[in-house]
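Undergrad: Let's see this in three dimensions:
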Amino acid sequence: MQTATSRDAQHGVRQLAVGPERDGQRLDNALTTLLKGVPKSMIYRLLRTGQVRVNGKRAKPDTRLTDGDMLRIPPIRTAEPHEHEAPPANLVASLNETVIFEDKHFLVIDKPSGIASHGGSGVSHGAIEILRAARPRDSLELVHRLDRDTSGVLVLAKTRAGLIGLQAAIRAGEVTKQYLCLMVGAPAKAKFDVNVPLRKSVLQGGERMVRVSDDGKPALTFFREVEAYPGTRLMQATLGTGRTHQIRVHAAHIGHPLAGDPKYGDREANKRFRELGLHRMFLHAAHLGFELDGRAYDFSTPLPDDLKDFLDALSASGGGERRRERRRR
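TA: Presented below is the predicted three-dimensional model:
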C-alpha cells in the first residue's frame, strides 16, 4: 500500500493506494495493521463517523478492499516503534510452545484461553503480537480470530498466498470449523441445527454485541450431543457460517446458553459453575480443516485441562446422574 500525492497531506490526511497484497482484506483488519498503536475502539469510531473513506465514500468495517482502491485516513497519532512494549519473555516462550503445525504457508497454535487473538481494546499483546515477537523473521498475519476466552485451533499465515487462499476458502464455506461447548440444560434432541439470522452491532467503546434479527445475515450452526452431564450437555458445534459470536448467540436463542458465557449466558447458572471451578466460557475450537492447492490440512486439539477438570467436578457433583443420562441416550 503506497501513499499517494495529495493536497490533503498538508492537513495530515493520508491518501493510500491499496496494493495487491491487501486485495480482499477487510477494511478494519487493514486499518489495524496500518494504524499500529491505535485502539480498535478508535478505529471503529473513525469508520462509524465516516472519517475513513474508500474511493471517497463511507465504508463499513467488513468492507473488502480491492487492488487499486484509494483509502483516506484522517490525521491520527499512532504509537512510535519505541513506544511499544515488548511482550514478556515468559509469555513469548510459553505461547511459542503451543505451536501444533508449521509449514511455509501456515503457523497453527492451540491458543490458550485468556489470550486475545490480537491486541487492542485494553489488551496490550494478543497472540499475533506475541508470536511476531517470538519469530521476528516471519511475516505473520491472522487468518481468522477466536474470542479471548475461547481456546483451541488458531491459524496464522506466513505468506500472502496462504492468507488470501484460506480467507477465500472461509468466505466460500469450504472450511470445516468444529467446536466443543457446554450447554446449560438439556436440548430436546441430541442432534439439531439452528438456522436464524444474526445482526452485529458495535457499541460505543468498540464492544461487539450480536442478536437474532430478521434483517441480519444468514447464520447456521449444527449441534450434536457428545456427552450428558448433570444439568448440562457437552455438544459439538459445527459452523455452517462464520458470524461473530454465532455459537454463543444461537445457543442462547434456543434457551441453552453456553456455560460461563458472561455476555449471553445464564448468570445464576454461571455462578454455580464458578463454585465448581469454571472460570471462563466453555468453548473450545477443537477442529479446523480445509484444502489449499491440492493439499488437505486438518488440525485438532483436545479439551484443555481446565475444562476437563471442570467436567470431572460437574460429574462428581451429580452422583449417578451422568450414568443414568448415558443409559437414556
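
Undergrad: The residue nearest to Val99 when sequence neighbours are not counted: what's it in contact with?
TA: Excluding the flanking residues, the one nearest Val99 by Cβ to Cβ, 6 or more residues apart in numbering is Ile109, at 5.4 Å. C-betas here are computed from N, CA, C, even on glycine. Going by Cβ atoms under 8 Å, 6 or more residues apart in numbering, Ile109 touches 95, 98-100, 127, 131, 153-154, 156.

Undergrad: mind redoing it with 10 Å?
TA: 95-102, 115, 127, 130-131, 152-156, 299, 301 (Cβ atoms under 10 Å, 6 or more residues apart in numbering).

Undergrad: what does Arg224 give?
TA: Contacts for Arg224 (Cβ under 10 Å, 6+ apart) come out as 178, 189-193, 235-238.

Undergrad: so what's Gln217 bridging to?
TA: Quick fix: residue 217 is Lys, not Gln. Going by DSSP bridges, Lys217 is paired in beta bridges with Leu198.

Undergrad: got any ranges where the stretch 201-329 of the chain has weak pLDDT?
TA: 204-206, 319-329 (pLDDT under 70).

Undergrad: need the strands for it, in chain order.
TA: 208-212, 220-229, 232-239, 283-292, 295-300 (DSSP state E, counting those that start in this stretch).

Undergrad: so can I have a markdown table of the ones you listed showing distance to Lys57?
TA: Shown next, in a markdown table, are the strands of the stretch 201-329 of the chain (distance: least, Cβ to Cβ, whole Å):
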| stretch | distance to Lys57 |
| --- | --- |
| strand 208-212 | 24 |
| strand 220-229 | 31 |
| strand 232-239 | 32 |
| strand 283-292 | 33 |
| strand 295-300 | 37 |
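
Undergrad: Of these, give the one that comes closest to Arg45.
TA: Evaluated over these, closeness to Arg45 peaks at strand 208-212, with 13.9 Å, by Cβ to Cβ.

Undergrad: For the closest one, buried residues please.
TA: Residues of strand 208-212 classed as buried by neighbour count (16 or more other Cβ atoms under 10 Å): Val210.

Undergrad: In CSV, could you pull the C-alpha coordinates for that strand?
TA: Provided in CSV are the C-alpha atoms of strand 208-212 (Å, rounded to 0.1, in the frame of the first residue of the first chain):
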residue,chain,number,x,y,z
ARG,A,208,-19.4,-6.2,19.8
MET,A,209,-22.9,-7.3,20.5
VAL,A,210,-24.8,-9.8,18.4
ARG,A,211,-28.6,-10.5,18.4
VAL,A,212,-31.0,-12.6,16.4
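
Undergrad: List the contacts of that strand.
TA: 44, 121, 147, 194, 196-203, 216, 219, 243-246, 248-250, 252-253, 263-264.

Undergrad: Which of those are buried, as a ChimeraX select command?
TA: One line in ChimeraX is enough to select the buried ones among the contacts of strand 208-212; burial here means 16+ other Cβ under 10 Å:
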select :44,121,147,194,196,197,198,199,200,202,216,219,243,244,245,246,248,249,250,252,253,263,264
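
Undergrad: Where does the nearest residue to Ser124 once chain neighbours are set aside sit: helix, strand or coil?
TA: Nearest non-adjacent residue to Ser124, counting by Cβ to Cβ, 6+ apart: Glu85, 6.7 Å away. Secondary structure state of Glu85, per DSSP: H, G, I helix; E, B strand; the rest coil, is coil.

Undergrad: and Glu85, how many neighbours?
TA: The number of residues packed near Glu85 is 9, by other Cβ atoms under 10 Å.

Undergrad: centre of the chain versus stretch 231-250, how much separation?
TA: Centre-to-centre, stretch 231-250 and its host chain are 13 Å apart (Cα atoms, centre = their mean, to the nearest Å).

Undergrad: for the closest residue to Asp261 other than its chain neighbours, what are its contacts?
TA: Once flanking residues are discounted, Asp261 sits nearest to Met281: 4.9 Å by Cβ to Cβ, 6+ apart. Met281 makes contacts with 113, 147-151, 181-182, 248, 257-265, 270, 307, as judged by Cβ under 10 Å, 6+ apart.

Undergrad: try it again with 6 Å
TA: Residues near Met281 by Cβ atoms under 6 Å, 6 or more residues apart in numbering: 149, 258, 260-261.
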